[in-house]
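K.L.:
I would like the atomic coordinates for the input below:
(one chain, ligands or ions: 1)
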Amino acid sequence: MTSPVYVAIDTPDLETARALAGQVRDHVGGLKLGLEFFAANGPAGVRELGALGLDIFLDLKLHDIPNTVGKAVAALAPLSPAVLTVHAAGGHAMLAAAKAAAPAGCKVVAVTVLTSLDAADLAAAGVAGSPAEQVRRLADLTRNAGCDGIVCSGEEVAAVAEAWPGGTFVVPGLRPAGADVGDQKRVMTPAEALGRGASILVIGRPITAAPDPAEAARSIAASLAHHSPLTATA
Ligand SMILES: O=c1ccn([C@@H]2O[C@H](COP(=O)(O)O)[C@@H](O)[C@H]2O)c(=O)[nH]1
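P.N.:
Below you'll find the predicted structure:
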């Protein structure tokens with residue numbers, strides 16, 4: 001079975017990225033390339049890492065008017081990403097434009113509430129309700145626009161997965177027990193998130209900043225063995 005773990009290769013340096021990917025490739029299902037990597041290396045860098053043969057998750061979190069996002073997705077299509085992110089807050093038309101422009105086989109998933117935010121951050125931004133309520137609202141919007149799934153924290157994934165059979169649920173903000181949470185606020189262990197219904201587990205620093213990234217990735221993979229969605233209790 002393919003691993004649900006996508007390692008977040010968050011570095012601007014192509015050689016570092018290539019080395020990290022090579023170290024962990026036997027223990028993960030794909031590589032997540034985000035703004036830091038893409039800003040420094042662009043499409044050529046994505047192609048270089050794509051040549052390693054792992055699925056590419058392009059986490060560019062597109063958020064603009066529908067015409068601009070649709071054209072940006074079309075421009076990214078030749079990179080054949082397996083997963084591409086947009087922001088759900090861009091609205092129905094923007095989400096629909098992104099999905100319409102995506103290549104066949106590419107899942108378009110929408111970021112709901114960033115895992116670095118908590119209830120106080122939402123209130124400060126003028127968003128009424130809890131993160132869970134906002135995630136549910138944006139998940140409904142995303143589903144109605146025809147996209148494939150959402151990005152949320154482990155705290156919300158069970159409720160959203162129950163309401164959206166067949167959806168793709170990407171969960172970042174994952175930390176093995178006792179690990180430094182850094183700038184993340186809504187965190188959970190990878191095994192618990194998987195048990196609650198996550199489809200894709202995004203894990204960065206717990207692997208990439210570990211003294212031995214391969215061993216960190218192997219250990220996380222082992223922690224998931226008894227926590228598949230079929231065997232775990234929510
Ligand atoms: O809500 C979100 C959406 C995306 N991310 C991305 O996931 C990784 C997490 O990295 P860690 O080092 O494991 O914290 C990172 O690339 C973020 O851009 C997220 O954290 N939360």
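K.L.:
Now residue 116, what are its backbone angles?
P.N.:
Main-chain dihedrals, residue 116, degrees, to the nearest 10: phi -90, psi 0.
K.L.:
what about the residue lying closest to it once chain neighbours are set aside, how many neighbours?
P.N.:
Nearest residue to residue 116, sequence neighbours excluded (C-beta to C-beta, 6 or more residues apart in numbering): residue 183, at 5.2 Å. In short, each C-beta sits where N, CA and C put it, glycine included. Neighbours of residue 183 under the rule other C-beta atoms under 10 Å: 9.
K.L.:
What of residue 67?
P.N.:
11.
K.L.:
Identify the residues contacting it.
P.N.:
By C-beta atoms under 8 Å, 6 or more residues apart in numbering, residue 67 lies in contact with residue 97.
K.L.:
Quick check: residues of the chain near the ligand?
P.N.:
8, 10, 34, 59, 111, 114-115, 151, 172-173, 182, 184, 202-206 (C-beta under 6 Å from any ligand atom).
K.L.:
and the residue nearest to residue 116, that's in a helix?
P.N.:
No. Looking at residue 183 with DSSP: H, G, I helix; E, B strand; the rest coil, it is coil, so not inside a helix.
K.L.:
coming back round to it: what subset of the residues of the chain next to the ligand is buried?
P.N.:
8, 10, 34, 59, 111, 114-115, 151, 172-173, 184, 202-206 (16 or more other C-beta atoms under 10 Å).
K.L.:
On the pLDDT front, check the residue in the chain positioned nearest to the ligand for me.
P.N.:
Nearest residue of the chain to the ligand: residue 204, at 2.6 Å (C-beta to the nearest ligand atom). The model reports residue 204 with a pLDDT of 98.
K.L.:
ok, now which ones touch it?
P.N.:
Counted by C-beta under 8 Å, 6+ apart, residue 204 has contacts 7, 8, 9, 10, 32, 172.
K.L.:
Verify the contact between the second one and residue 32 for me.
P.N.:
In other words, residue 8. Yes. Contact status for residue 8 versus residue 32: in contact at 4.6 Å, counting by C-beta atoms under 8 Å.
K.L.:
Give me the common contacts of the two.
P.N.:
Shared contacts of residue 8 and residue 32, counting by C-beta under 8 Å, 6+ apart, come down to 59, 202, 204.
K.L.:
Tell me where the model's unsure across this protein.
P.N.:
Along the chain, the parts satisfying pLDDT under 70 run over 227-234.
K.L.:
Would you point out which residue is most central in it?
P.N.:
Against the mean C-alpha coordinate of the chain, by C-alpha atoms, centre = their mean, the closest residue is residue 170 at 4.7 Å.
K.L.:
and the lengthiest helix in the chain, what does it pack onto?
P.N.:
Taking DSSP state H as the assignment, the helix of the chain that covers the most residues is helix 35-50. Applying 3 or more C-beta pairs under 8 Å, 6 or more residues apart in numbering; DSSP states H and E, we find helix 35-50 packed against helix 14-24, strand 30-34, strand 55-62.
K.L.:
Quick one: closest of these to residue 177.
P.N.:
Of all the helices and strands packed on helix 35-50, helix 14-24 sits nearest to residue 177, with 20.1 Å by C-beta to C-beta.
K.L.:
Put the alpha carbons of that closest one into CSV.
P.N.:
Output in CSV follows, covering the C-alpha atoms of helix 14-24 (Å, rounded to 0.1, in the frame of the first residue of the first chain):
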residue,chain,number,x,y,z
LEU,A,14,17.8,22.4,-4.8
GLU,A,15,20.7,20.2,-3.7
THR,A,16,19.4,20.0,-0.1
ALA,A,17,15.9,19.2,-1.5
ARG,A,18,17.3,16.4,-3.7
ALA,A,19,19.3,14.9,-0.9
LEU,A,20,16.4,15.0,1.6
ALA,A,21,14.1,13.4,-1.0
GLY,A,22,16.6,10.7,-1.7
GLN,A,23,17.0,9.9,2.0
VAL,A,24,13.3,9.5,2.7
